[in-house]
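Peer 1: attaching a predicted model along with its sequence, questions to come.
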Amino acid sequence: MKYSILVVSVVSALALNACERATVVVPANTVNVPVPGPAGPQGAPGATAEKGATGATGATGATGSEGIAGAEGAKGVEGAKGDKGKTGGDTVVIVPAPVPRR
């Protein structure tokens, strides 16, 4: 136990001394940076541009060929024929009387 207290005290003394270091301050280098001056006067306006030449007219396209005539359609199917002599059955049709004009 005697040696452990001695070792701990020596180690702590060394640790505390090692943590404290002197801070070194390096002076900043001074650099001259050029600063732009005020803007100069505006220049004279440029000359007006000349008008360009007109392009050539394109050629007329070729006329298309005539289409082929379509085929004739098939004949339709004939409808079913009604029975002869049959009456309408028990159906009664009521036609209302016309309304007189005023």
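Peer 2: Okay, I see it.

Peer 1: tell me where this protein has helices.
Peer 2: With helices called from DSSP state H, the chain shows them at 2-19.

Peer 1: where does it dip in pLDDT?
Peer 2: Residue ranges of the chain with pLDDT under 70: 1-2, 17-22, 83, 85-89.

Peer 1: for it, which segments are assigned as strands?
Peer 2: Along the chain, no segments are classed as strands by DSSP state E.

Peer 1: since we're on P38, how many residues are nearby?
Peer 2: Using other Cβ atoms under 10 Å, P38 has 4 neighbouring residues. Bear in mind the C-beta positions are built from the backbone N, C-alpha and C, glycine included.

Peer 1: same question, the one 10 residues further on
Peer 2: Burial of T48, expressed as a neighbour count using other Cβ under 10 Å, amounts to 6.

Peer 1: same deal with V33?
Peer 2: V33 has 4 neighbours, counted by other Cβ under 10 Å.

Peer 1: and it, how far from V26?
Peer 2: 20 Å (Cβ to Cβ, to the nearest Å).

Peer 1: equivalent analysis for A47, please.
Peer 2: Relative to V26, A47 is positioned 59 Å away (Cβ to Cβ).

Peer 1: separation between R101 and V95?
Peer 2: Counting by Cβ to Cβ - R101 and V95 are separated by 18 Å.

Peer 1: whoops, I mixed them up, L16
Peer 2: From L16 across to V95, the span is 125 Å (Cβ to Cβ).

Peer 1: which of the two has more residues huddled nearby?
Peer 2: Set side by side, L16 and V95 show more neighbours around L16, with 9 against 5, by other Cβ under 10 Å.

Peer 1: look up how far I5 lies from that one.
Peer 2: 17 Å.

Peer 1: kindly report the same for G82.
Peer 2: Applying Cβ to Cβ, the value for G82 to I5 is 131 Å.
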